[in-house]
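>>> When you get a sec, could you give me coordinates for this:
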Amino acid sequence: MASRHLARSIVLQSLFEWDFYHQERDFQKILERNIQKFGGKFDEDEFVKFLGEGIVKNVDKLDKIIAESAPERPVEQLSAIDRNVLRLGLFELIFGKKNEVPPKVAINEAIELAKGFGGENSGKFINGVLGTVYRQIEENSPKESK
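Alright, predicted model coming up:
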């Protein structure tokens with residue numbers, strides 16, 4: 001498994017546990033434990049922390065974007081996996097380092113996580129929501145003059 005994909009998997013598992021306990025457990029401790037448990041000989045600790053800490057810090061903003069992008073599926077009614085895959089994908093799209101992870105790569109990685117951890121239709125759902133947000137970002141970004 002590629003190390004960045006493993007990093008995202010560790011973040012997703014940590015977010016799932018944090019979310020399962022209604023965000024009342026210490027996310028840092030969950031994340032550190034999961035890095036130790038699943039990371040092995042792994043050199044993406046900083047990437048894991050950037051994603052995990054960034055998502056937790058911006059969870060309300062991310063949830064608002066999810067609610068606006070998928071109004072027929074309230075955030076609290078989404079499966080915990082779908083909700084957290086969306087948070088992860090959106091964080092990378094909006095706050096990520098685009099020179100390291102291009103938006104289409106972030107979307108594809110989120111889809112793969114949804115397929116691996118989610119339900120039968122999770123990949124399609126994640127693709128739809130993240131694709132919509134990506135198009136909105138593209139439409140609202142200033143165009144370079146030629």
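>>> alpha carbons only for contacts and neighbour counts from here, please
Will do.
>>> Just give the closest residue to the residue nearest the centre of the chain, not the sequence neighbours.
For the chain, the residue nearest the mean C-alpha position is residue 88 (0.8 Å; C-alpha atoms, centre = their mean). Closest residue in space to residue 88, ignoring its immediate chain neighbours: residue 55 at 6.7 Å, by C-alpha to C-alpha, 6 or more residues apart in numbering.
>>> what's the helix or strand for that neighbour?
For residue 55, the host element (DSSP states H and E) is helix 45-57.
>>> Next SSE downstream of that helix?
Heading C-terminal from helix 45-57, the first helix or strand you meet, by DSSP H and E, is helix 59-69.
>>> Averaged pLDDT, that next one. What do you get?
Averaged over helix 59-69, pLDDT sits at 96.
>>> Quick check: which helices or strands does it pack against?
Helix 59-69 sits against helix 80-95, helix 122-140, with contacts defined as 3 or more C-alpha pairs under 8 Å, 6 or more residues apart in numbering; DSSP states H and E.
>>> Low-confidence regions, this structure specifically.
Scanning the chain with the threshold set as pLDDT under 70 gives 1, 143-146.
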